[in-house]
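Asks: how would this look folded up:
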Amino acid sequence: MTLFPYLDIIGRSAAVYFFMTIALRIFGKKELSQLNTADIILILLISNSVQNAMVGPDTSLWGGLVAALVLFVINFIIKKLTHKYQILNNLLLDKPEILIHDGKLDFKSLSKLDISNDELKEAMREHGLEHFNDVKLCMLEIDGTISVISKSKDLKQTHYKRKHNHKNFRK
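Replies: Down below sits the predicted model:
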């Protein structure tokens, strides 16, 4: 076998990786923190649709292994670069979002993130809080968890894993 087909697979795999990175950035990585059935189906269909784009006509074991290796190597390099260069980190990774600060809800963030009133209250209850005024700080973390810090020093701080739903936040 010649090296050329594998260079083609390397280029194709890299292109698919960067396309998927950009698509997830545009369409929202936060949605991936809790996958529902439709999300899993989407991921499976995307992986099937981009397989041929990565390996082209080479459906051999070696072609698939080269494509997988390229994806692992690119992912490793991207992680190292985002840790080293803040500008790349800012470009590729989301930031935590403030949902409540000193008992005041940030309705703009809640609406943008599609976090319902019920979901926010559930997160607060999981942290042992009943009223918005009891919250010093509530954040949607980059991994999809909702962190709540109470104004009371007595309560233990925990994380609430966000369950994605499509209810709109009600003021």
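Asks: now His127: how far from Cys138?
Replies: The gap separating His127 from Cys138 is 9 Å, by C-beta to C-beta, to the nearest Å. Heads up, the C-betas are built off the backbone N, CA and C, glycines and all.
Asks: ok, those two, which is more surrounded?
Replies: Neighbours were counted for His127 and for Cys138 using other C-beta atoms under 10 Å; Cys138 has more, 27 against 21.
Asks: which stretches of this protein have low pLDDT?
Replies: By pLDDT under 70, the low-scoring segments of the chain are 1-3, 27-40, 153-171.
Asks: try 50 this time
Replies: Flagging of the chain using pLDDT under 50 yields the residue ranges 1, 29, 165-171.
Asks: Please, where are all the helices along it?
Replies: Ranges of helices within the chain are 4-27, 37-55, 61-84, 86-92, 107-112, 117-126, based on DSSP state H.
Asks: which of the residues in the fourth one are buried?
Replies: Which is helix 86-92. Neighbour counts using 16 or more other C-beta atoms under 10 Å place Leu92 of helix 86-92 among the buried residues.
Asks: residues in contact with it?
Replies: Residues from elsewhere that reach helix 86-92 (C-beta atoms under 8 Å, 6 or more residues apart in numbering): 21, 25, 78, 81-83.
Asks: for the residues you listed, which one is nearest Ile46?
Replies: Using C-beta to C-beta, Thr21 comes nearest to Ile46 of the contacts of helix 86-92, at 12.7 Å.
Asks: who are the neighbours in contact with that closest one?
Replies: 78, 92.
Asks: Leu88 versus that one, what's the distance?
Replies: Thr21 is 11 Å from Leu88, where distance means C-beta to C-beta.
Asks: if we can go back for a sec, which of the helices of the chain sits closest to Ser150?
Replies: When the helices of the chain are compared by C-beta to C-beta, helix 117-126 sits nearest Ser150, at 8.9 Å.
Asks: other SSEs contacting the closest one?
Replies: Helix 117-126 sits against strand 135-140, strand 145-150, strand 159-161, with contacts defined as 3 or more C-beta pairs under 8 Å, 6 or more residues apart in numbering; DSSP states H and E.
Asks: try 6 Å
Replies: Packed against helix 117-126, as judged by 3 or more C-beta pairs under 6 Å, 6 or more residues apart in numbering; DSSP states H and E, are no other helices or strands.
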